[in-house]
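Chemist: mind looking at a prediction? Sequence and model below.
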Amino acid sequence: MKSCLNAGALLTLVAGLLLSAGPAAAQPAPEDAPARAPETSADEEAPAGGQERDAPAGGPATEAPEDGERLSAYQAALDRGTSRYNGGEYEAARQAFVQAAQIVPGQAASYRNLARANFWLERYAEATHHYDHYLRLAPEAGDAEQIRLERRMAATRAAGQGYVVPGAQRQALEALERELTRGQALTPAGGGAYGLYQTVLRMGYAAPELAQIQARLAQRLVDEHDAGLLAAPSGLVPTLDQQDWAVQRERLQLAAELTPDPLTAELVERRLLVVEAAEALLGSRLDRAAERAQEAAEANPDLRFVGWYQVAALAAGGEHERALQALDAFRARADWDAPTDRQAAVLRAQLLQALGRSEEAARALESALRE
């Protein structure tokens with residue numbers, strides 16, 4: 001009859017080692033909203049409220065991010081804003097265009113549409129500001145000359161008043177910059193740089209510079225995740241509990257949402273395998289833990305400790321032969337410090353004993369205790 005290790009005792013042992021603790025293409029406006037831009041002469045009056053006004057183009061993005069979900073969300077917000085604009089709901093349109101610009105900050109179409117919505121809301125300085133964004137991103141666009149004329153008209157209506165970032169928004173941006181530079185990317189309570197980033201979005205900040213903020217925040221989230229994987233002073237493996245791993249998962253998921261960079265997205269996918277293996281092991285889902293740990297170890301050769309997750313899951317699940325093979329392979333690959341190697345040698349002796357290889361187990365245990 002196959003000998004079986006006590007799973008609880010084994011998990012207690014391995015816990016000490018492992019888990020102790022470009023412009024969009026213009027489309028014809030809908031037939032019920034003929035296209036007509038704001039008057040182009042700075043000397044003429046703007047169209048009266050009852051006159052038809054230009055429906056902003058809402059064509060597909062030409063500088064699409066790699067993430068199809070982000071692109072779909074961007075296009076949905078842009079289309080929603082265009083629909084509201086054509087219905088004369090300029091404030092609702094403005095909010096939708098802000099959201100589109102926040103999702104994909106580098107797309108010019110959002111800023112043209114946002115500028116036009118602001119124009120009809122008589123927010124002329126802000127309209128000028130967003131016309132400038134459009135022209136900076138798409139200086140050679142087919143409608144660039146038209147936009148320059150619209151911008152000149154908005155600037156005239158602003159009567160020399162330049163756009164100033166609201167004080168509260170400016171303070172939030174400054175706080176976000178400080179946190180990105182010297183603080184935390186994400187705290188367990190949802191704070192840190194990510195919390196401040198969300199505050200900035202709620203305040204309606206929309207500018208091409210948001211793309212750089214998103215890229216920096218995504219990288220900081222990944223870096224903070226990897227810093228959490230550093231080994232405890234006594235061994236090769238991190239000391240994280242279930243709550244810690246939940247935060248680790250959130251860091252990776254948020255980074256994936258923020259970045260259009262395929263290399264960062266690929267790294268996040270690989271790191272998520274490690275999180276899944278650890279969560280399964282802590283939740284005693286041993287078959288799942290062993291499977292995920294093997295995948296994670298192969299996908300993350302730079303994280304040497306991941307192989308130990310497979311050893312722990314196999315041993316706790318009674319797969320003693322496979323656990324012994326995994327342990328020997330792992331010990332041959334990794335540089336163990338003396339205390340950790342001694343504990344691993346004790347586990348090896350226990351596995352040999354469970355397999356009925358008592359003499360080998362005794363020699364292995366004696367050798368481990370003597371070192």
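Modeler: Ah, there it is. Numbering: from 1, shown residues only.
Chemist: against D241, how distant is the residue nearest to R288 when sequence neighbours are not counted?
Modeler: Leaving aside its sequence neighbours, R288 sits nearest to A280 (CB to CB, 6 or more residues apart in numbering; 4.2 Å). C-beta: built from backbone N, CA, C; applies to glycine. Applying CB to CB, to the nearest Å, the value for A280 to D241 is 14 Å.
Chemist: now do the buried residues in stretch 265-274.
Modeler: For stretch 265-274, a neighbour-count test (16 or more other CB atoms under 10 Å) marks 265, 267-268, 270-274 as buried.
Chemist: in which helix or strand does Y74 reside?
Modeler: Using DSSP states H and E, Y74 falls within helix 68-86.
Chemist: now do the helix or strand following that helix, average pLDDT.
Modeler: Following helix 68-86 in sequence order, the next helix or strand is helix 90-103 (DSSP H and E). Averaging pLDDT along helix 90-103 gives 98.
Chemist: where does the stretch 101-250 of the chain dip in pLDDT?
Modeler: Filtered on pLDDT under 70, the stretch 101-250 of the chain yields the residue ranges 231-236.
Chemist: could you check the pLDDT of R36?
Modeler: Per-residue pLDDT puts R36 at 42.
Chemist: now do the helix or strand hosting Y111 against helix 90-103, angle only.
Modeler: Using DSSP H and E, Y111 falls within helix 108-120. Put simply, helix 108-120 runs at 150 degrees to helix 90-103, going by axes from the mean of the first three to the mean of the last three CA atoms, to 10 degrees.
Chemist: does anything pack onto helix 108-120? Which helices or strands?
Modeler: Taking 3 or more CB pairs under 8 Å, 6 or more residues apart in numbering; DSSP states H and E as contact, the helices and strands that helix 108-120 lies on are helix 68-86, helix 90-103, helix 124-137, helix 144-158.
Chemist: so what touches the second one?
Modeler: Yep, that's helix 90-103 we're talking about. Contacts to helix 90-103, defined as CB atoms under 8 Å, 6 or more residues apart in numbering, come from residues 56, 70, 73-74, 77-78, 80-82, 84-85, 107, 109-111, 113-114, 117-118, 120-121, 201, 204-207, 210.
Chemist: list the contacts of Q310.
Modeler: Under the criterion of CB under 8 Å, 6+ apart, the contact list for Q310 reads 277, 289-290, 293-294, 297, 326, 330.
Chemist: restricted to helices, list those.
Modeler: Per DSSP state H, helices hold the following members of the contacts of Q310: 277, 289-290, 293-294, 297, 326, 330.
Chemist: ok so, going back, output the helix holding Y111 as PDB - backbone C-alpha positions only.
Modeler: Output of helix 108-120 as PDB, limited to C-alpha atoms (Å, rounded to 0.1, in the frame of the first residue of the first chain):
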ATOM      1  CA  ALA A 108      -6.500  62.900 -32.400                       C
ATOM      2  CA  ALA A 109     -10.200  62.600 -33.200                       C
ATOM      3  CA  SER A 110     -11.200  62.800 -29.500                       C
ATOM      4  CA  TYR A 111      -9.700  66.300 -29.100                       C
ATOM      5  CA  ARG A 112     -11.200  67.700 -32.300                       C
ATOM      6  CA  ASN A 113     -14.700  66.500 -31.200                       C
ATOM      7  CA  LEU A 114     -14.000  67.600 -27.600                       C
ATOM      8  CA  ALA A 115     -13.000  71.100 -28.900                       C
ATOM      9  CA  ARG A 116     -16.200  71.400 -31.000                       C
ATOM     10  CA  ALA A 117     -18.400  70.300 -28.100                       C
ATOM     11  CA  ASN A 118     -16.700  72.900 -25.900                       C
ATOM     12  CA  PHE A 119     -17.200  75.600 -28.500                       C
ATOM     13  CA  TRP A 120     -21.000  75.100 -28.500                       C
END
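Chemist: run the chain-centre distance for it.
Modeler: From the chain centre to the centre of helix 108-120 is a distance of 28 Å (CA atoms, centre = their mean, to the nearest Å).
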